[in-house]
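Undergrad: Let me see the structure of the following:
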Amino acid sequence: MRSRDAARFNHDAEAARYDVDVADESHLIRRGYSACLRALAEDLRRGSGPDTLPIVELGAGTGALTAQMPPGRPVIAVDISGAMLDQARAKLRGAIEFVQDDLLAWITEQDGPLGTVASTFALHHLHPDEKRLLIDTLAERMQPGARLCVGDLGFANADAQSQMMADPHLDPGVTEAVAVEYFWHWDDAEAQLRGYGFRVRRRQHGPLISSLVAVR
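TA: Residues are numbered from 1 along each chain as shown. Okay, here's the model as predicted:
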């Protein structure tokens, strides 16, 4: 199943400047970006899942997290943007298979086993029902010991979103992003994952950025 907004969130046009843009944490929406990457890299090194299966990265982009994967582990890096993957190819070495595809389609249109799955700042482009489908599919396919490691934009719950959006001094860029994208409500995702038996931990790194690790 292809995500409904796949074409809208193809970041070919931003690829050349993407690394510089996201490294600028002066904007509220990016505050905590580097801390989130460090936390996910640590979580992946602590337990990268079944070593007979590659680590799958959904929305690999220019390879910021791919570059920090555990050494020696094969990685499948999936992104819909060819230009973003070209940036990743130019700076990364190792056993990395680059796949240009919609991340939801890649996950849902196969049925083989999955090991650890990672994603940074991509899954908030999925509609809420698509996020639920993604988690349903991962729960079916991820093997014992595998980890879901997600760093993304979201709110603790719907009340937290309402409270932030009611702030009259909120940066208009945040208001616009929340209106056109689909930031997580982490409480919903955590409840769904725990319902499938995952052990879940979430850490907040900035006003809108969290990392979530769910162990199968």
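Undergrad: Report back the residue of the protein that's furthest from centre.
TA: residue 168 (29.4 Å; Cα atoms, centre = their mean).
Undergrad: ranges for the strands of the chain?
TA: 55-58, 75-79, 96-100, 117-120, 147-155, 184-185, 199-204, 209-215 (DSSP state E).
Undergrad: which of the ones you listed sits most buried?
TA: strand 55-58 (a mean of 27; mean count of other Cβ atoms under 10 Å). All C-beta spots, glycine's among them, are computed from the backbone N, C-alpha and C.
Undergrad: For that strand, enumerate its sheet partners and note whether each is parallel or antiparallel.
TA: strand 75-79 (parallel), strand 117-120 (parallel) (DSSP bridges).
Undergrad: how distant is the shortest one from the center of its chain?
TA: Meaning strand 117-120. 4 Å (Cα atoms, centre = their mean, to the nearest Å).
Undergrad: what's in contact with that strand?
TA: 36-37, 40, 44, 55-59, 61, 64-65, 69, 103, 138, 142, 146-152 (Cβ atoms under 8 Å, 6 or more residues apart in numbering).
Undergrad: same thing with stretch 172-184?
TA: 27-29, 123-128, 131, 152-155, 161, 164-165, 208, 210.
Undergrad: repeat that with 6 Å
TA: 28, 29, 124, 127, 152, 153, 154 (Cβ atoms under 6 Å, 6 or more residues apart in numbering).
Undergrad: now do stretch 23-43
TA: 22, 68, 149, 151, 171, 174, 177, 203, 205-209, 211, 213.
Undergrad: same check, this time on stretch 206-216
TA: Contacts for stretch 206-216 (Cβ under 6 Å, 6+ apart): 28-29, 31-32, 36, 39-40, 43, 142, 144, 146-151, 153, 193, 198-204.
Undergrad: Which stretches in the protein count as helices?
TA: 18-23, 33-46, 82-91, 103-108, 128-141, 158-165, 172-180, 186-195 (DSSP state H).
Undergrad: Reformat those into a markdown table and put mean pLDDT next to each item.
TA: What follows is these, written out as a markdown table (pLDDT from 0 to 100):
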| stretch | mean pLDDT |
| --- | --- |
| helix 18-23 | 94 |
| helix 33-46 | 96 |
| helix 82-91 | 97 |
| helix 103-108 | 98 |
| helix 128-141 | 98 |
| helix 158-165 | 98 |
| helix 172-180 | 95 |
| helix 186-195 | 98 |
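Undergrad: closest to residue 6 out of those?
TA: Closest to residue 6 of those, according to Cβ to Cβ: helix 103-108, at 7.7 Å.
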